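Novice: with the sequence up front, the predicted model follows.
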Amino acid sequence: MKKKDIKILLVDDEADILEIVGYNLSQEGYQIVTASNGKEAITKAKKELPHLIIMDVMMPEMDGMEACENIRKMPELANVIITFLTARSEDYSQVAGFDAGADDYIAKPIKPKVLVSKVKALLRRLKEDEQKSDVLKIGDIEINREEYKIINAGTEIVLPRKEFELFYLLASKPGKVFKREEILDKVWGNEVVVGGRTIDVHIRKLREKIGDDLFKTIKGVGYKLEL
């Protein structure tokens, strides 16, 4: 995954922290989204589906611990990486953070370069997950990317390569509303330039071949597009 495709949600009630951390991470090429409290973090996380959330603990309206627990209950955010960045460095606070579902706990103050290195280390998990995700299993559906096979309840479904890649992409992020540019980039890449209508045609063909019931099995919303 390219850095420009990685989205990081920063959550802190101190504007200067958001500015400093956001600046240093954006300089690395990451997409940055911000929130100023736990409630806003949940709303932004649902909308943006970030790959990494860096969150303070002590915040108004809802603290980071509660926000983390709520985010961990959302299926669409099951794989998001969450780390706390906080001045609370006590052992019991760190234990509480991990119990709430955090993947890491970073104490303030921290030098920007060190934080960037920490973030890079956390994001390496995305690459590891991608390497492990050649086979997707959703209910009775098994999608094998290496062999370009789709097995539904023991029955193999054969698709042309582009339709398979499109289906794999949509199934890999149930609930996500994909932008046309993102689909074109991930499925067609630098190949012959195609228009947005190409996506519509391929999705229509997919639904005809696979059927709406199968799309509903993968939560039925993965094929929605941002117009």
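Specialist: Thanks, I have the structure now.

Novice: show the contacting residues for the spatially most central residue of the chain.
Specialist: In the chain, the residue lying closest to the centroid (C-alpha atoms, centre = their mean) is H51, at 4.0 Å. Neighbour list for H51: M1, I6, K7, I8, V80, I81, L123, L126 [criterion: C-beta atoms under 8 Å, 6 or more residues apart in numbering]. Every residue, glycine included, has its C-beta placed from N, CA and C.

Novice: which one is it nearest to, not counting chain neighbours?
Specialist: Among residues not flanking H51 along the chain, I6 sits closest, at 5.0 Å (C-beta to C-beta, 6 or more residues apart in numbering).

Novice: got a list of what the one you found touches?
Specialist: I6 is in contact with Y30, Q31, H51, L52, L123, L126, counting by C-beta under 8 Å, 6+ apart.

Novice: and of the residues you listed, the nearest to N70?
Specialist: Nearest to N70 among the contacts of I6: L52, at 17.1 Å, using C-beta to C-beta.

Novice: least confident secondary structure element in the chain?
Specialist: Every helix and strand in the chain was compared by mean pLDDT, DSSP states H and E; the lowest is strand 225-226, with a mean of 48.

Novice: by neighbours, which of the contacts of H51 wins?
Specialist: Using other C-beta atoms under 10 Å as the neighbour criterion, I8 leads the contacts of H51 with 24 neighbours.

Novice: tell me the phi and psi of that residue?
Specialist: The phi/psi pair for I8 (degrees, to the nearest 10) reads phi -120, psi 130.

Novice: contact partners for it?
Specialist: The contact partners of I8, by C-beta under 8 Å, 6+ apart, come to L25, Y30, Q31, I32, V33, P50, H51, L52, I53, I54, V119.

Novice: counting neighbours, what do you get for the first one?
Specialist: This points to L25. Residues near L25, counting by other C-beta under 10 Å, number 22.

Novice: just the helices in the protein please.
Specialist: According to DSSP state H, the chain carries its helices in the segments 15-27, 38-48, 64-72, 91-99, 112-132, 161-172, 180-183, 196-210, 212-217.

Novice: which elements pack onto the third one?
Specialist: Using 3 or more C-beta pairs under 8 Å, 6 or more residues apart in numbering; DSSP states H and E as the contact criterion, the elements in contact with helix 64-72 are helix 38-48, strand 52-55, strand 81-86, helix 91-99.

Novice: how about the fourth one?
Specialist: Contact analysis of helix 91-99 by 3+ C-beta pairs under 8 Å, 6+ apart lists helix 64-72, strand 104-107 as its packing neighbours.
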